[in-house]
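Student: give me the fold of what follows.
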Amino acid sequence: MSENSWTLKELKFPRPDLNVFTHLYKDAIDRIQQATDGDDIIEVLYEVDGLSRKITDLLTVTMIRHTLDTTDERYEQDQRWYEENQPLFVKSLLDFNDAIYNSPYKDYIREKIGPMFFVKSDVKKKTFCEENLPLQQKESELLGEYDALIDSCQKEVLGEPTSFIGLQELFGHEDRNVRQAAFKAFSEFLAENEEKLEEIWDELLKVRDQMGKNLGYDNYIPLAYLERLRLEYGEEEVAAFRQQVVDEIVPLCAKIYEFQAKNLGIDEVKAYDERVLFNDGNAKPIGDRDYMFNKTVSMLRDMSPETDEFISFMLDHELIDYETRPEKSMREYATILPSRKAPFAFYHFDGTPASLRRLHEGLGYAFAAYKASRRQHLEEYYASSSDIMEIHAMSMVLFANKYAEKFFGEDAQKYIFSLLHNYVTFIPFSVAVDEFQHICYANIDMTPKERVQAWHDLEKKYMPWRKYDDEDEFMNRGGYWYHKAHFFFHPFYYIEYTFATINALEMYQKYEERPGTAWKEYLELTDIGGSKGYLESLKLSKLTPAFEPGAVANSIKYVKELLENYMNN
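Tutor: Reported below is the predicted structural model:
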């Protein structure tokens with residue numbers, strides 16, 4: 001296998017002897033401590049960066065193979081090995097970073113490689129302690145339990161057993177009876193497993209709360225903010241943003257759902273109606289799944305020389321897994337093998353509009369990783385913080401509106417309206433998720449009943465239009481939140497979706513008005529990777545922090561006009 005002809009499935013990664021890596025890191029630390037100038041340390045840094053990339057490749061491929069086939073016992077064992085040993089790799093890397101951090105040549109190194117290396121090293125120091133290693137392993141076990149529980153879903157709808165994701169896809173079915181039945185099955189599955197879900201959630205809260213306390217914090221929230229690299233904004237800014245959403249976006253969403261009810265010819269939009277906007281059904285693709293995927297490839301080839309190069313690389317090395325298979329994990333993600341500068345996209349694409357949006361988002365993540373890995377010289381800089389990374393993803397979806405007719409033909413405008421509707425109406429849900437997590441982690445002793453009541457209250461605050469069937473006791477008392485995997489796997493992530501949505505809508509207006517300039521600014525943001533902080537990254541790509549006063553109203557102005565014009569015509 002030549003260096004350039006490999007594919008992901010051909011790569012071989014035997015489990016390494018951990019002692020070898022430990023000795024290599026110790027040797028590197030000795031060399032740093034004996035260095036006589038900064039250039040010697042930079043040489044060691046790049047050598048260790050190469051070693052770190054190979055370790056990351058190993059851990060990443062282990063995770064990928066497990067999600068490709070969750071029924072294969074070999075991959076299950078490898079995944080357990082990964083979960084048990086990842087913290088050990090982190091500890092070795094932290095010791096190495098400490099040696100550089102404490103070097104007398106630190107200022108010289110910062111000048112040569114940029115300050116973010118030291119910023120991130122400092123964050124890693126503040127978020128790591130030996131006492132948390134067993135807690136992290138317990139956290140992984142609990143997440144595995146949640147994953148297995150969700151993957152076990154096989155509720156019958158339309159005479160066929162349907163997965164958890166499959167049930168949610170049916171919420172977009174044009175037949176109201178079908179989507180109502182799918183939502184009923186969805187609610188029943190969660191209600192049947194409520195006790196186990198609450199047990200997992202309760203244990204996760206306590207495990208993470210203890211992690212925060214082990215590091216000297218009152219609870220998990222400050223640790224979560226550090227882990228998410230929120231160094232330039234905090235709880236106050238997030239709360240101010242949530243208030244902007246109440247003031248600017250909730251009223252717009254209420255109008256959208258009023259229009260939707262009239263358009264569907266129903267008295268009120270129920271939770272299972274929210275994805276269906278038109279009485280003759282949502283936009284229909286003009287081809288099957290493979291047709292839609294091929295059109296996505298054609299779109300990226302046409303969009304720019306950069307995206308053409310990217311999609312060729314992804315296809316040549318078989319780095320996109322988009323088919324739905326019984327043994328495949330229900331998760332969706334994009335990641336990267338850093339030593340090969342090779343992104344990997346893992347999605348469930350069935351050709352529906354919803355899955356098309358998720359696929360395009362995934363390719364947006366992957367494109368950003370592809371670009372940054374070719375521009376930046378350290379693995380540490382290959383990925384930005386997720387509040388920036390989500391801008392890459394959502395902007396790619398919005399840029400694709402230019403090609404809507406290629407996917408949907410005469411339904412192109414229906415698709416664009418649906419997409420903008422989804423992005424705008426998603427924001428209130430997202431800020432509800434964020435506030436709910438703040439409530440749970442700040443009040444660790446809340447009972448399950450109090451938690452579901454808190455979610456119920458937040459639905460009334462941020463989603464006053466949300467309605468469930470009267471007989472659905474579980475959802476009416478606040479059970480909807482249980483289904484969202486981000487609560488479990490990615491605490492406090494959701495507000496980053498909303499920040500990014502605001503910036504993506506801002507970028508979309510620029511792209512519609514000045515496509516050349518907007519694309520240049522988009523590439524600037526991808527090339528930055530993780531080499532700059534949040535505010536500097538936004539400034540360089542000429543975007544406004546979402547929590548600044550007036551930012552929400554200004555950023556949604558263009559899309560608000562598009563939505564209102566569509567509803568009024």
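Student: which residues touch Glu524?
Tutor: 540-541 (CB atoms under 8 Å, 6 or more residues apart in numbering). In short, each C-beta sits where N, CA and C put it, glycine included.
Student: so how far is Lys542 from it?
Tutor: 9 Å (CB to CB, to the nearest Å).
Student: can you give me the strands in the stretch 301-450 of the chain?
Tutor: Assigned by DSSP state E, counting those that start in this stretch, the strands in the stretch 301-450 of the chain fall at 320-321, 333-337, 342-346.
Student: out of those strands, deepest packed?
Tutor: strand 342-346 (a mean of 23; mean count of other CB atoms under 10 Å).
Student: tell me what the lowest-mean-pLDDT helix or strand in the chain is packed against?
Tutor: The helix or strand of the chain with the lowest confidence, counting by mean pLDDT, DSSP states H and E, is helix 73-101 at a mean of 77. Using 3 or more CB pairs under 8 Å, 6 or more residues apart in numbering; DSSP states H and E, the elements in contact with helix 73-101 are helix 18-34, helix 38-68, helix 116-126, helix 133-151.
Student: please repeat the previous calculation with a cut-off of 10 Å.
Tutor: Packing partners of helix 73-101 (3 or more CB pairs under 10 Å, 6 or more residues apart in numbering; DSSP states H and E): helix 18-34, helix 38-68, helix 106-113, helix 116-126, helix 133-151.
Student: now do the fourth one against helix 38-68, angle only.
Tutor: Our comparison of helix 116-126 with helix 38-68, counting by axes from the mean of the first three to the mean of the last three CA atoms, to 10 degrees, yields an angle of 60 degrees.
Student: pull out the buried positions in helix 116-126.
Tutor: For helix 116-126, the neighbour count (16 or more other CB atoms under 10 Å) marks 116-121, 123-124 as buried.
Student: for Phe117, give me its contacts.
Tutor: The contact partners of Phe117, taken as CB atoms under 10 Å, 6 or more residues apart in numbering, are 45, 97, 100-101, 109-110, 378, 380-381, 530-531.
Student: out of the residues you listed, the closest to Glu131 would be?
Tutor: Lowest distance from Glu131 to the contacts of Phe117 (CB to CB) belongs to Asn97, with 19.6 Å.
Student: how about that closest one: what's its closest non-neighbour residue?
Tutor: Ser121 (4.1 Å; CB to CB, 6 or more residues apart in numbering).
Student: neighbours of the nearest residue to Met507 once chain neighbours are set aside, how many?
Tutor: Nearest non-adjacent residue to Met507, counting by CB to CB, 6+ apart: Ser395, 4.9 Å away. By other CB atoms under 10 Å, 29 other residues sit near Ser395.
Student: quick check, pLDDT for Ser395.
Tutor: Note on Ser395: pLDDT of 97.
Student: Glu512 is in contact with that one, correct?
Tutor: No: contact criterion CB atoms under 10 Å: Ser395 and Glu512 do not qualify, at 12.0 Å.
Student: overlap in contacts of the two?
Tutor: Taking CB under 10 Å, 6+ apart as the contact rule, Ser395 and Glu512 both touch Ala518.
Student: could I get the buried residues of helix 116-126 in a markdown table, plus columns for pLDDT?
Tutor: Formatted as a markdown table, the buried residues of helix 116-126 follow (pLDDT from 0 to 100):
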| residue | pLDDT |
| --- | --- |
| Met116 | 94 |
| Phe117 | 91 |
| Phe118 | 91 |
| Val119 | 92 |
| Lys120 | 89 |
| Ser121 | 87 |
| Val123 | 91 |
| Lys124 | 85 |
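Student: I'd like those as a markdown table, with distance to Asn554 appended.
Tutor: As requested, the buried residues of helix 116-126 are exported to a markdown table (distance: CB to CB, whole Å):
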| residue | distance to Asn554 |
| --- | --- |
| Met116 | 28 |
| Phe117 | 34 |
| Phe118 | 34 |
| Val119 | 29 |
| Lys120 | 31 |
| Ser121 | 36 |
| Val123 | 31 |
| Lys124 | 36 |
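Student: residues near Gln136, how many?
Tutor: Neighbours of Gln136 using other CB under 10 Å come to 18.
Student: how close does it get to Val61?
Tutor: Separation of Gln136 from Val61 (CB to CB) stands at 21 Å.
Student: and for Arg358?
Tutor: Taking CB to CB, one finds Arg358 at 23 Å from Val61.
Student: could you check the pLDDT of the residue nearest to Glu188 when sequence neighbours are not counted?
Tutor: Among residues not flanking Glu188 along the chain, Lys155 sits closest, at 6.8 Å (CB to CB, 6+ apart). You'll see Lys155 listed with a pLDDT of 95.
Student: check the one 3 residues further on too.
Tutor: Among the per-residue scores, Leu158 holds a pLDDT of 89.
Student: give me phi/psi at it?
Tutor: Here is the backbone geometry of Leu158 (degrees, to the nearest 10): phi 60, psi 30.
Student: one more: Lys155?
Tutor: Dihedral angles (degrees, to the nearest 10) for Lys155: phi -100, psi 140.
Student: which intervals of this protein have sub-threshold pLDDT?
Tutor: Along the chain, the model assigns pLDDT under 70 to residues 1-3, 13, 15-18, 82-83, 85-88.
Student: may I ask you to confirm that Phe118 is in contact with Glu111?
Tutor: No: between Phe118 and Glu111 no contact is recorded; they are 11.1 Å apart, counting by CB under 10 Å.
Student: what do these two both touch?
Tutor: Shared contacts of Phe118 and Glu111 (CB under 10 Å, 6+ apart): none.
Student: put the alpha carbons of stretch 433-444 into PDB.
Tutor: The C-alpha trace of stretch 433-444 is given here as PDB (Å, rounded to 0.1, in the frame of the first residue of the first chain):
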ATOM      1  CA  VAL A 433     -31.100  22.900  26.700                       C
ATOM      2  CA  ASP A 434     -28.400  25.300  27.900                       C
ATOM      3  CA  GLU A 435     -30.400  26.800  30.700                       C
ATOM      4  CA  PHE A 436     -31.600  23.300  31.800                       C
ATOM      5  CA  GLN A 437     -28.000  22.100  32.100                       C
ATOM      6  CA  HIS A 438     -27.100  25.100  34.200                       C
ATOM      7  CA  ILE A 439     -30.100  24.400  36.500                       C
ATOM      8  CA  CYS A 440     -29.200  20.700  36.900                       C
ATOM      9  CA  TYR A 441     -25.400  21.100  37.500                       C
ATOM     10  CA  ALA A 442     -26.000  24.000  39.900                       C
ATOM     11  CA  ASN A 443     -28.600  22.000  41.800                       C
ATOM     12  CA  ILE A 444     -27.200  18.600  42.000                       C
END
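Student: would you mind putting the helices and strands packed on helix 73-101 into TSV with distance to Val276 alongside?
Tutor: Formatted as TSV, the helices and strands packed on helix 73-101 follow (distance: least, CB to CB, whole Å):
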stretch	distance to Val276
helix 18-34	52
helix 38-68	30
helix 106-113	51
helix 116-126	43
helix 133-151	24
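Student: can you say which of those is nearest to Ser329?
Tutor: helix 38-68 (3.9 Å).
Student: could you name the helices and strands sitting against that closest one?
Tutor: By 3+ CB pairs under 10 Å, 6+ apart, helix 38-68 packs against helix 18-34, helix 73-101, helix 106-113, strand 320-321, strand 333-337, strand 342-346.
Student: same thing but at 6 Å, please
Tutor: Here helix 38-68 touches helix 18-34, helix 73-101, helix 106-113, strand 333-337, going by 3 or more CB pairs under 6 Å, 6 or more residues apart in numbering; DSSP states H and E.
Student: now what about the shortest one, what contacts it?
Tutor: Under the criterion CB atoms under 6 Å, 6 or more residues apart in numbering, residues 57, 60, 343-346, 362, 365-366, 369 lie in contact with strand 333-337.
Student: how about 8 Å then?
Tutor: Outside strand 333-337, the residues that touch it by CB under 8 Å, 6+ apart are 8, 11, 56-57, 60-61, 63-64, 67, 342-346, 362-363, 365-366, 369, 373, 382-383.
Student: how far out from the middle of the chain is that strand?
Tutor: 11 Å (CA atoms, centre = their mean, to the nearest Å).
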